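*Asks:* Sharing a model that was predicted from the sequence below.
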Amino acid sequence: MNDLSNYRRSYEKSELLETSIPEDPINLFNRWFHEVEDFGGSGEVNAMTVSTIGLDGFPKSRVVLLKKFSEEGFIFYTNYNSEKGKAIAANPHVCLSFFWQEMERQVIIKGIAQKTSEIISDNYFDSRPDGSKLGAVVSNQSEVIPSRSFLEENLKKLENAYEGKSIARPEHWGGYLVTPLEVEFWQGRANRLHDRISYKSQPDFSWSIHRLSP
């Protein structure tokens, strides 16, 4: 057995106080996101974990890239026929989480996922490099394949077929908008007395704000 009980560090880089937070979580997320980006320590500041409840009843998490956020919510793109896509179709309650180790911060977002409009998905797909477009076309995401070469050979066929042609977005590929219902901000502090501030959506579209015990 690998004993990791001595793996620990003291978190002392910042604080999260009620006197310095906005009334809605998107403004605070925007502030934190750009502070981490300006800090320069995270390779992909928009990397996030998406957790869903699968058709087998088990939760499953995977890292994807956040592509847009606004007052409406958080957008990412994927194959609708993938394991995560099927899970969202059956149960749209999802959790997004960001861990920015360099600034000792986490953000955890509970929300409802729904497909973005076709226009939004088309516009993003059109902005991608051709290689990424063909990757979305060739991959039946989450399906069993016989080998790596099988995938590469099919990609080569597509490259030849689409040479000099525009590549349309497949109907089974597009965006999800996650509308947040609860957003928790976690700031590491010394002696494990971390700051945790939770925003919960209210029926009048305002947010209740509470401090949680670490």
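*Replies:* Nice, thanks for sending it over. These numbers come from a predicted model, not from an experiment.
*Asks:* any idea which residue sits dead centre in the protein?
*Replies:* Taking Cα atoms, centre = their mean, the centroid of the chain lies closest to Met48, which sits 3.8 Å from it.
*Asks:* did I read that right, Asn123 in a helix?
*Replies:* Yes - with the criterion set as DSSP: H, G, I helix; E, B strand; the rest coil, the secondary structure at Asn123 is a helix.
*Asks:* isn't there a helix covering the residue nearest to the centre of the chain?
*Replies:* No - if the criterion is three-state DSSP, then Met48 is strand and not within a helix.
*Asks:* isn't it right up against Leu66?
*Replies:* Yes - here Met48 reaches Leu66: they are 5.2 Å apart, a contact under Cβ atoms under 8 Å. For glycine as for every other residue, the C-beta is placed from the backbone atoms N, C-alpha and C.
*Asks:* what residues are shared contacts of the two?
*Replies:* Common neighbours of Met48 and Leu66, using Cβ atoms under 8 Å, 6 or more residues apart in numbering, are 74, 76, 96, 98.
*Asks:* Run through the chain and note the low-pLDDT ranges.
*Replies:* Within the chain, the segments meeting pLDDT under 70 span 41-42.
*Asks:* so where's the longest strand in it?
*Replies:* Ordering each strand of the chain by length in residues (DSSP state E) puts strand 173-187 first.
*Asks:* helices or strands up against the next helix-or-strand element following that strand?
*Replies:* Scanning forward in sequence from strand 173-187 by DSSP states H and E, the next helix or strand is strand 195-201. Under the contact definition 3 or more Cβ pairs under 8 Å, 6 or more residues apart in numbering; DSSP states H and E, strand 195-201 sits against strand 173-187, strand 207-211.
*Asks:* Show the residue spans covered by the strands in the protein.
*Replies:* So, for the chain - with DSSP E - the strands run 47-53, 59-65, 68-70, 73-79, 93-100, 105-115, 173-187, 195-201, 207-211.
*Asks:* Reformat the ones you listed into CSV and put distance to Glu15 next to each item.
*Replies:* Formatted as CSV, the entries for the strands of the chain read as follows, by distance: least, Cβ to Cβ, whole Å:
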stretch, distance to Glu15
strand 47-53, 23
strand 59-65, 28
strand 68-70, 24
strand 73-79, 25
strand 93-100, 15
strand 105-115, 11
strand 173-187, 6
strand 195-201, 6
strand 207-211, 12
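*Asks:* out of the ones you listed, which comes closest to Ala136?
*Replies:* strand 173-187 (4.8 Å; Cβ to Cβ).
*Asks:* contacting residues around the closest residue to Asp126 other than its chain neighbours?
*Replies:* Take Asp126 and drop its neighbours on the chain: the residue closest to it by Cβ to Cβ, 6 or more residues apart in numbering is Arg169, 7.6 Å away. Taking Cβ under 8 Å, 6+ apart as the criterion, Arg169 is in contact with 121-122, 125-126, 133, 136.
*Asks:* now do Lys67
*Replies:* Remark: with contacts taken as Cβ under 8 Å, 6+ apart, Lys67 is in contact with 46, 75-77, 124, 175.
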